[in-house]
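Enquirer: The sequence and its predicted three-dimensional model are supplied below.
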2 protein chains.
Amino acid sequence: MPRRRITQADVAAMAGVSQATVSFVLNDRVPEGVHISADTRQRVRDAIRITGYSANPVAQRLAGGRNQIIGVFTYEATFPGGGRDFYGPFLVGIEHAAEQLGIDILLFTSARVVEGRRRLTRDGWQRLGIADGCLLLGQHEDRSELQHLLDTNYPFAFIGKRASEGGRLPYVGADYVTATRRAVERLVALGHRRIGYVGELGTDQPTLDRLEGYRATVQQAGLSARLVTEEDPAATAAAVVDQGLTALVVAPERDAEELSDALLARDVRVPRDVSVLLLGQPHRRLRRPQEWSGFAIPREEMGARALLMLSRLVANDDVPETELHQLLECPEVEGATAAPPPGAPAPGGQGPADPTELATAP
Amino acid sequence: MPRRRITQADVAAMAGVSQATVSFVLNDRVPEGVHISADTRQRVRDAIRITGYSANPVAQRLAGGRNQIIGVFTYEATFPGGGRDFYGPFLVGIEHAAEQLGIDILLFTSARVVEGRRRLTRDGWQRLGIADGCLLLGQHEDRSELQHLLDTNYPFAFIGKRASEGGRLPYVGADYVTATRRAVERLVALGHRRIGYVGELGTDQPTLDRLEGYRATVQQAGLSARLVTEEDPAATAAAVVDQGLTALVVAPERDAEELSDALLARDVRVPRDVSVLLLGQPHRRLRRPQEWSGFAIPREEMGARALLMLSRLVANDDVPETELHQLLECPEVEGATAAPPPGAPAPGGQGPADPTELATAP
DNA sequence: CGTCGATAATAATGCGCATAATCCCCTTGT
DNA sequence: ACAAGGGGATTATGCGCATTATTATCGACG
């Protein structure tokens, strides 16, 4: 006997009022010109308690209300190939915050992958409409899709810094510039003068930020930038040796362990001969994660903060402009892969620029 | 200008038919006595293509239709404390299958935690109704809640074997009995005669199954069961040494690495002195996962298969009884922690029972 | 005494869809 | 010539809620 679920009409009948009144009491906000007495309110509340009524989120949504569901959209396909290793921590943070807020999470896994990336369109915007708002995750967002979101005033927030669209995109990102700056400064403080950047020269925001932090700091210390962009670990190791680098900052797209092995093959040891700082934990899980120095990316916190921001956006809490763009600090990781350069046992202040620099860098 | 989204009415107008006709064509299934000509069908399809219409899942659901959303409910709180390490792989499998099927995933993170476990009720069944069906994950399900699901005919499926409720609960589980049996058989084949079971004596299904597999195999080999239930690794190691065990099967709730360390402290080495097989990868991530022998739990596949089963249940594909209870095979893991017992270098067939057995086991 | 303004609430509407009930027209049988 | 039947669609209804428009009562004011 699948007896009907309790509806507002049931509650209304019990309280001796109309369905509309129940709705008003529930939302605790009556339109202009409508009044509900304290007594009636109480009767409705009692009826709700007695019947155990709870709102049908589907109907709420259809009628244009909120339903405490936040969508999560990932531009890159989470499958196959360990995408989750990367997105997992964000999800964890999002779920955590959602649990606190009493919000359900809708994963848009149905969006088909077109040319390697997911599309919000293609099979309909409509599915977005189930959720009160949506968190966007990944690199390759689509301009026109974003424009549509802005046009329709659909609440959304990015996880990861977004500089485009004239700063109209709400986001929670990680402060790679500062974190990279500090990493390089650590190396400089240890006495390093030939500090290389190992990574790809992409145009994505994280890479731009890391490079900016690296370049600015290196320049400020009177050193020159040395980019090692080889993809192959062996080639990278060769470049490091050729350029006589004593320290490296390694972007997450490169595998520090493979690099370390390749260096070892040339009898170059970390950190004895070359110090290594990771600019964020890599996508692949490390065999010995605790050993690597550098900084961590606060992925869980980013997810949680983004959900918080979005829920405020949804509630239309008039979020101030300044809170729409959050950059979280990347915690430093001490590790064991940073040491003074060989032949310079005393870590000191900032000395003069490397005297061999002009000779090796044309 | 937030122009309205395309509705069936729009499509209908363009095709010169009624909204109902569009609905019929879309669902490709007309009620008794209704007929749509091939020509009309084509006009509607064209209109759909031109307008880029896609159904509003919320309205679909409210009107009693399906909306391609599957819920995932986790009984244990996923937070705090690495719950995701455990549930993550299931989720990955679920998402993977969902992507194939064009289904979205709704995580019921909003269900508040009462006394350490989540409740489907408490804050409303209604939220379940958003999804076409629901996957249930975790140990501590509630009888009355299940009964309600059965009563209301709400489609659901468990991930993990469920023997209760007279076999009416659909599930996809892992065959721990067989996997454990094979693990013990491996040890017997290596020549071991004193094989211990390390783990907790819970009444949960996985534990019951592991114990059943262990007891049956040990008995069949003419050996006696030796349960080591100490929680502390050091105490476990002591018990292992006291009982003169040469091999262990270790349930996932115990940390094999800690145990190994504790054994090492007594100068007992794995696998030289004691062989160890893991009865499923442990919850905590291992430092050297590849080294441990035993079997793996096909978590991703379980998630995927469960979603497949549920989607068939939802579609009312008349799933045969036999497919409602699936047990997946646990792949063996070779590893390096299993070896012949000390002093018995030649791994042979099944010899006689351990001669010292009666002396040490009262 | 009629009317304005507030209070207190209700009836009515529509969200977009699935589906039951109904309608119209044309062919066939008698 | 007229009923019966079936193909081809339409209209109507309701899902449960938010929201707008409307009604009713009452005290105060001129």
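Expert: Arrived safely, thanks for sending.
Enquirer: Pairing partners for residue A:226 in the sheet, please.
Expert: On the basis of DSSP bridges, residue A:226 is bridged to residue A:196.
Enquirer: Could I get the contacting residues of it?
Expert: Shown in contact with residue A:226 (CB atoms under 8 Å, 6 or more residues apart in numbering or on different chains): A:194, A:195, A:196, A:197, A:243, A:245, A:361. C-beta coordinates here come from the backbone N, C-alpha and C atoms, glycine included.
Enquirer: one more time with 7 Å
Expert: Taking CB atoms under 7 Å, 6 or more residues apart in numbering or on different chains as the contact definition, residue A:226 lies against A:194, A:196, A:197, A:243, A:245.
Enquirer: could you flag which of the residues you listed are buried?
Expert: Those of the contacts of residue A:226 that meet the buried threshold are A:194, A:196, A:197, A:245, by 16 or more other CB atoms under 10 Å in any protein chain shown.
Enquirer: Just send those back as JSON lines, with pLDDT and distance to residue A:253 too.
Expert: Formatted as JSON lines, these follow (pLDDT from 0 to 100; distance: CB to CB, whole Å):
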{"residue": "A:194", "pLDDT": "95", "distance to residue A:253": "22"}
{"residue": "A:196", "pLDDT": "96", "distance to residue A:253": "15"}
{"residue": "A:197", "pLDDT": "98", "distance to residue A:253": "12"}
{"residue": "A:245", "pLDDT": "95", "distance to residue A:253": "19"}
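Enquirer: Kindly present the contacts of residue A:226 as CSV, with separate columns for distance to DNA strand C.
Expert: Shown next, in CSV, are the contacts of residue A:226 (distance: CB to the nearest atom of the strand, whole Å):
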residue, distance to DNA strand C
A:194, 63
A:196, 56
A:197, 51
A:243, 61
A:245, 60
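Enquirer: between those residues, which is closest to residue A:279?
Expert: residue A:197 (8.5 Å; CB to CB).
Enquirer: Residue A:212 is in contact with the closest one, correct?
Expert: No - counting by CB atoms under 7 Å, residue A:197 sits too far from residue A:212 to count as a contact (11.1 Å).
Enquirer: Can you pull the residues of the stretch 1-150 of chain A lying near DNA strand C?
Expert: With the criterion set to CB under 7 Å from any atom of the strand, the stretch 1-150 of chain A comes near DNA strand C through A:16-21, A:24, A:33-37, A:39-40, A:62-64, A:126.
Enquirer: out of the residues you listed, which touch chain B?
Expert: Applying CB under 7 Å from any CB of the partner chain, the subset of these adjacent to chain B comprises A:62, A:126.
Enquirer: and DNA strand D, which of the residues of the stretch 1-150 of chain A next to DNA strand C contact it?
Expert: Restricting these to those touching DNA strand D (CB under 7 Å from any atom of the strand) yields A:19, A:20, A:24, A:33, A:34, A:62, A:63, A:64.
Enquirer: Report the two of the residues you listed separated the most.
Expert: A:33 and A:62 (25.1 Å).
Enquirer: re the thing from before, compile the ones next to DNA strand D among the residues of the stretch 1-150 of chain A next to DNA strand C into JSON lines and extend it with columns for neighbour count, secondary structure and pLDDT.
Expert: Output for those, formatted as JSON lines (neighbours: other CB atoms under 10 Å in any protein chain shown; DSSP: H, G, I helix; E, B strand; the rest coil; pLDDT from 0 to 100):
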{"residue": "A:19", "neighbour count": "14", "secondary structure": "helix", "pLDDT": "94"}
{"residue": "A:20", "neighbour count": "12", "secondary structure": "helix", "pLDDT": "94"}
{"residue": "A:24", "neighbour count": "20", "secondary structure": "helix", "pLDDT": "94"}
{"residue": "A:33", "neighbour count": "5", "secondary structure": "coil", "pLDDT": "80"}
{"residue": "A:34", "neighbour count": "10", "secondary structure": "coil", "pLDDT": "86"}
{"residue": "A:62", "neighbour count": "18", "secondary structure": "helix", "pLDDT": "93"}
{"residue": "A:63", "neighbour count": "12", "secondary structure": "coil", "pLDDT": "93"}
{"residue": "A:64", "neighbour count": "6", "secondary structure": "coil", "pLDDT": "89"}
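Enquirer: Quick one: those residues as a markdown table, columns for distance to residue A:90 too.
Expert: Putting those into a markdown table (distance: CB to CB, whole Å) gives the following:
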| residue | distance to residue A:90 |
| --- | --- |
| A:19 | 41 |
| A:20 | 41 |
| A:24 | 38 |
| A:33 | 45 |
| A:34 | 42 |
| A:62 | 30 |
| A:63 | 32 |
| A:64 | 30 |
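Enquirer: Against residue A:246, how distant is residue A:269?
Expert: 12 Å (CB to CB, to the nearest Å).
Enquirer: Neighbour count: those two, which is higher?
Expert: Of the pair residue A:269 and residue A:246, residue A:246 is the one with more neighbours under other CB atoms under 10 Å in any protein chain shown, namely 25 against 12.
Enquirer: right, and the more buried one touches residue A:188 too?
Expert: No - using CB under 7 Å, residue A:246 is not in contact with residue A:188, being 11.2 Å away.
Enquirer: so residue A:173 sits in a helix?
Expert: No - going by DSSP: H, G, I helix; E, B strand; the rest coil, the assignment for residue A:173 is strand, not a helix.
Enquirer: Show the residue spans covered by the helices in the stretch 151-300 of chain A.
Expert: A:176-189, A:205-220, A:233-242, A:256-265, A:299-315 (DSSP state H, counting those that start in this stretch).
Enquirer: Specify the stretch among those helices that is closest to residue B:238.
Expert: Using CB to CB, these put helix A:256-265 closest to residue B:238, at 37.3 Å.
Enquirer: List the buried residues in the closest one.
Expert: Neighbour-count burial for helix A:256-265, counted by 16+ other CB under 10 Å, picks out A:256, A:257, A:259, A:260, A:262, A:263.
Enquirer: Just list the residues touching the fourth one, thanks.
Expert: Residue A:260 makes contact with residue A:270 under the criterion CB under 7 Å, 6+ apart.
Enquirer: List of residues touching the helix or strand where residue A:46 lies?
Expert: Following DSSP states H and E, one finds residue A:46 within helix A:38-51. Here helix A:38-51 makes contact (CB under 7 Å, 6+ apart) with A:6, A:10, A:11, A:14, A:15, A:17, A:21, A:22, A:25.
Enquirer: Kindly report the same for stretch A:136-154.
Expert: Outside stretch A:136-154, the residues that touch it by CB under 7 Å, 6+ apart are A:72-76, A:87, A:90, A:117, A:119-121, A:128, A:156, A:158-159, A:165, A:168-169, A:204, B:2.
Enquirer: What is the end-to-end distance of stretch A:28-36?
Expert: End-to-end distance for stretch A:28-36, by CA to CA, to the nearest Å: 10 Å.
Enquirer: what do you get for stretch A:146-164?
Expert: End-to-end distance (CA to CA), stretch A:146-164: 10 Å.
Enquirer: ok, that stretch near DNA strand D or not?
Expert: No - counting by CB under 7 Å from any atom of the strand, DNA strand D has no neighbours in stretch A:146-164; the shortest distance is 14.2 Å.
Enquirer: how far out from the middle of the chain is that stretch?
Expert: Mean-position distance between stretch A:146-164 and its chain equals 14 Å (CA atoms, centre = their mean, to the nearest Å).
Enquirer: Quick check: buried residues in it?
Expert: Applying 16+ other CB under 10 Å to stretch A:146-164 flags A:146, A:149, A:154, A:155, A:156, A:157, A:158, A:159, A:160, A:161, A:162 as buried.
Enquirer: Same question for stretch A:218-231.
Expert: A:218, A:221, A:223, A:224, A:226, A:228, A:230.
Enquirer: rewinding a little: farthest pair within the buried residues of stretch A:146-164?
Expert: The widest separation within those (CB to CB) is 20.6 Å, between A:154 and A:161.
Enquirer: hang on, the earlier thing: would you list the buried entries among the contacts of stretch A:136-154?
Expert: Among these, those scoring as buried are A:72-76, A:87, A:90, A:117, A:120, A:128, A:156, A:158-159, A:169 (criterion: 16+ other CB under 10 Å).
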